[in-house]
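>>> Quick one, fold the following:
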Amino acid sequence: MSLCWYKRNLFYTYRIKRRIMKKYAIITNEETGTVSVGIGTNIKYYESIGMTLMNVEKSEVDYQWYLAEKCPHYSAEQKLVKEYKKEIETLKQELANSDYKAIKYAEGVISEEDYQSIKIERQSWRDRINELEELIKEIENK
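As a prediction, this is how the structure comes out:
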């Protein structure tokens, strides 16, 4: 299954992947569908403690094991916001890493000509951060 998102001339495709596995497990909570999963290969032991072969899945939300049909997942929008936030953090780190160049320019160590390309690049990072923050606001305010 895939979800396509079109916003401000940007096109994104996200595939929702599910990793359903057959494992020896025992249900620990019927309501939520959480299970305790055997991770080894000793089938006789697992059967002796009441485990049976079940379709289970590890949740990306809380990293717990669930029955496949009750496993919680992030929505496509939540995944998109998470990806945007990750990109924002990367861009902010780039800005922080180049701060020393801005300081050198302010102190007169770097000439206007040498600083011009750095200045343009830093502004493009800030513009992208602002764009991503707007997209996040639009998604969260739906």
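
>>> Would you indicate which residues of the lengthiest helix in the chain are buried?
Ranked by number of residues, the top helix in the chain under DSSP state H is helix 112-140. By neighbour count, and taking 16 or more other C-beta atoms under 10 Å as the criterion, the buried residues in helix 112-140 are 115, 122, 125, 129, 132, 135, 136, 139. The C-beta positions use only the backbone N, C-alpha and C, and glycine is treated the same way.

>>> Likewise for stretch 69-77?
Buried residues in stretch 69-77, counting neighbours by 16+ other C-beta under 10 Å, are found at 70, 71, 76.

>>> tell me the average confidence for it?
When pLDDT is averaged over stretch 69-77, the result is 92.

>>> pLDDT on the longest helix of the chain, on average?
This predicted structure assigns helix 112-140 an average pLDDT of 96.

>>> And stretch 82-90, by the same measure?
Stretch 82-90 comes out with an average pLDDT of 97.

>>> which one of the buried residues of helix 112-140 is nearest residue 99?
Nearest to residue 99, judged by C-beta to C-beta, of the buried residues of helix 112-140 is residue 122 at 9.1 Å.

>>> How about the contacts made by residue 92?
residue 129 (C-beta atoms under 8 Å, 6 or more residues apart in numbering).

>>> Assign a three-state SS to it, would you?
For residue 92, the reduced secondary structure class is helix; criterion used: DSSP: H, G, I helix; E, B strand; the rest coil.
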